[in-house]
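>>> Give the three-dimensional model of this entry:
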Amino acid sequence: MDSLTSELDYQDNGVEDLDFNLGKLDLTSQEFLLDEVDEHIQANLEDDIVKEALKTGVDLRQYSKQVESELLDVENLSIKDYIKESKNIASLHKQITACDSILETMEQMLNGFQGDLSSISNEIQTLQQQSIAMNVKLRNRQAVRGELSQFVDEMVIPEAMITHILETAVTERHFLEQLHELNHKINFVKEQSFKEAKSCSDVKDILDKLKFKAIAKIREFLLHKIYQFKKPMTNYHIPPHIPQNAMLKFRFFNEFLMANERHVAREIRDEYIDTMHKIYYSYFKSYSSRLMKLQYEEVADKDDLMGVEDTAKRGFFSSKPSLKNRSTIFTLGNRGTILTSDLESPIIVPHAAQKSEAKHSFESLFRSQHYALLDNCCREYLFISDLFMVTGSAAQDLFNHIMGKTLAKFLKNMDMYIAECYDSIAIFLCIHIIYRYQVLMHKRNVPALDKYWETLLEMFWPRFEYILHQNVHSIKVIDPSKFGHIDVRPHYITRRYAEFSAALVGLNESFPSDKVERLLAMLQAEVENFILRMAAEFPQRKEQLIFLINNYDMMLSVIMERTTEQSKESEGFKDLLSARTHEFIEEILSPYFGGLIGFVKETEIAIDRGSAENLKYQEGRVQQIIRGFNADWKKAIELINQEVMRSFTNFKNGTQILQGSLTQLIQYYHRFHKIMGQSPFKNMACRTELINIHHVMVEVKKHKASF
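Residues are numbered from 1 along each chain as shown. Here you go, the predicted model:
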């Protein structure tokens, strides 16, 4: 305390001796910059207190001493406060020291805990490693136990398997189940024997005995099933697929044989092939021979062509009767149902048809025969693919071994028939039956008969073309003079052509063929030439036109009735009919109104050329035309009406021609009125005698209603 007091006294003396001192300021120093001093002075002058002192004119030295005195007072007060609180500061120091001691103790304890925890962590890590090792051992033991248990289960042959394989019938479900299990065990033991498992030798003998026993029973069963196919079939519409269905239930038998005894499996397959190819050949040979006896006795031959006359006689020594109605081979009629509703109808049963004495066309027999073939081939192909586990070319080869001989017989029979066939519609129907059966087999995903269908088409198409060429030639060589008396009605040869062409066009719409279109175009060209040659036999042009119109109209009507789309044939005949109709209208108006028509045409040409004044001297001719028209126009219309009614066989066509004729007459009369209204005719006195055109139109409407 005394030292503190002496220190304070010393400070008081120092304050009193304090004088204003600038320190060690060296004004001569080269490093001192006057600019910086100016900036410092300028900054001090900005101070508020300095500004106030300068403003009031205070003495700076006196003011500095005052400030120093105030600071000393403040310091003394602060020291007194510190002395006053010295006890509290000492107490605080003691407390801080005590806390420091406690914290040191805590640090020692925590260090101890840290050491203990480190020891525990090492122990936990050791326990974790031991646990992992024990877990690995457990998993290994469980895996070994599972593998060993499964191995033992698959290696051991249970008593139930032995009993069922040896004693149970192969048709029983238990035998099939145990056969699956036996096959699995055989494969397992075979696999383990490659791994040199010692236990395989313990069960190999038993497995071999069971395998041989199962093979023997399966072989006997399958051969018995195959032998059952050889039983004679009592009905031709029941194919041999019922025993096959029974065999499919035991398809695993063949799989077992192929896996364990391939020569036995081959024996079963060969026996099946040998049996089935004989059965199918016998079945279809008998069915085809009986079926073809149901064909119509009257069939087309080489003389039944489109251009052959109905009055043509056969040779004196010909024993084959002529067709009662040759037009039937050129008409489709109801035969087209063979491609629609009857395409997949039940096949014809020969003995049932014989009892009812029913007869059928060739295409109907062809459909029945090939639908039976298609149905059996689809079933057979799918059966052998499933039973013998073959696909692609292997399945096709197996199928060919079974059905090859039967298909060859079919092709031979078709070739023999086609060589003597002259019914082109039957041939064309058979071609379209083939097309549809190809599609049907593709829907069933059976390609077995693709080559057979193509071979059939290669046989049918050339024959079809040959028959059509023969028909074209028969029309080409017709001599119209041999027909004797010819009338204006449609000729029977054009009727044949119309029916025939409509039939082929209608059938060709579903599977279009350019080949057919070319053949029909050739045939149409010859028919058109034939009609022109026939028309030339009439002495008068009007009769020629009536004949042409009747034939064109008939052919067009038949073709449009039988087909659903606009064909080239119908378009061609429309143009020909329109041209001949316009010519006939001019021809039928000429006898009654020829003078008026001629005058109108001549005068219009003269007016167009600007030489109408040269006609002013024809007043007499004009007067004669007007008076002649006024006297006879009603009667002429009636005569035209009657002539049209007599001339045309088609009522609708006659109506259209009459209306065209009367319309053309009104147009000519209207043009005549128009001419009479121009120079030099408008000043003629006879112009007042003209009948009003509306009167003519009223009369025409009367005839339209009556006709």
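
>>> what residue ranges in the stretch 151-300 of the chain score low on pLDDT?
Across the stretch 151-300 of the chain, the ranges flagged by pLDDT under 70 are 198, 232-243.

>>> Which residue ranges of it form helices?
All helices of the stretch 151-300 of the chain, identified by DSSP state H, counting those that start in this stretch, fall at 159-167, 173-194, 200-228, 242-248, 251-260, 262-292.

>>> Identify all contacting residues around the shortest one.
Defining contact as CB atoms under 8 Å, 6 or more residues apart in numbering, one finds that helix 242-248 is touched by 222, 225, 228-229, 379-380, 383, 386-387. In this view, the C-beta of every residue, glycine as well, is placed from N, C-alpha and C.

>>> Of all the helices of the stretch 151-300 of the chain, which one comes closest to Leu373?
Evaluated over the helices of the stretch 151-300 of the chain, closeness to Leu373 peaks at helix 262-292, with 6.8 Å, by CB to CB.

>>> how far is the closest one from where the chain is centred?
Mean-position distance between helix 262-292 and its chain equals 38 Å (CA atoms, centre = their mean, to the nearest Å).

>>> next one: stretch 396-407
Offset of stretch 396-407 from its chain centre (CA atoms, centre = their mean): 32 Å.

>>> What about Met676, how many residues nearby?
16 (other CB atoms under 10 Å).

>>> got TSV for the helices of the stretch 151-300 of the chain, with mean neighbour count too?
Listed next are the helices of the stretch 151-300 of the chain as TSV, based on neighbours: other CB atoms under 10 Å:
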stretch	mean neighbour count
helix 159-167	15
helix 173-194	16
helix 200-228	16
helix 242-248	14
helix 251-260	18
helix 262-292	17
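
>>> quick one: Val505 and Ile467, what's the gap?
Look at Val505 and Ile467: by CB to CB, to the nearest Å, they are 17 Å apart.

>>> Kindly apply the preceding question to Leu457 instead.
To Ile467, Leu457 is 16 Å away according to CB to CB.

>>> Tell me which of those two has more neighbours.
Neighbours were counted for Leu457 and for Ile467 using other CB under 10 Å; Ile467 has more, 26 against 15.

>>> Quick one: residues contacting that one.
421-424, 427.

>>> Apply 6 Å and report the result again.
Counting by CB atoms under 6 Å, 6 or more residues apart in numbering, Ile467 touches 422, 424.

>>> buried sites along the helix or strand hosting it?
Element membership for Ile467 (DSSP states H and E) is helix 450-476. Residues 452-453, 455-456, 459-461, 463-465, 467-468, 470-472, 474-475 are the ones in helix 450-476 that count as buried (16 or more other CB atoms under 10 Å).

>>> cool, and stretch 509-518?
In stretch 509-518, counting by 16+ other CB under 10 Å, buried: 513, 516-517.

>>> Let's see it as CSV, backbone CA atoms only.
Extracted C-alpha coordinates of stretch 509-518, given in CSV (Å, rounded to 0.1, in the frame of the first residue of the first chain):
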residue,chain,number,x,y,z
GLU,A,509,-61.5,-60.1,-107.6
SER,A,510,-60.6,-62.0,-104.5
PHE,A,511,-57.1,-63.1,-105.7
PRO,A,512,-56.4,-60.8,-108.7
SER,A,513,-54.3,-62.3,-111.5
ASP,A,514,-52.8,-60.3,-114.4
LYS,A,515,-52.8,-63.6,-116.4
VAL,A,516,-56.6,-63.9,-116.2
GLU,A,517,-57.0,-60.2,-117.2
ARG,A,518,-54.8,-60.8,-120.3
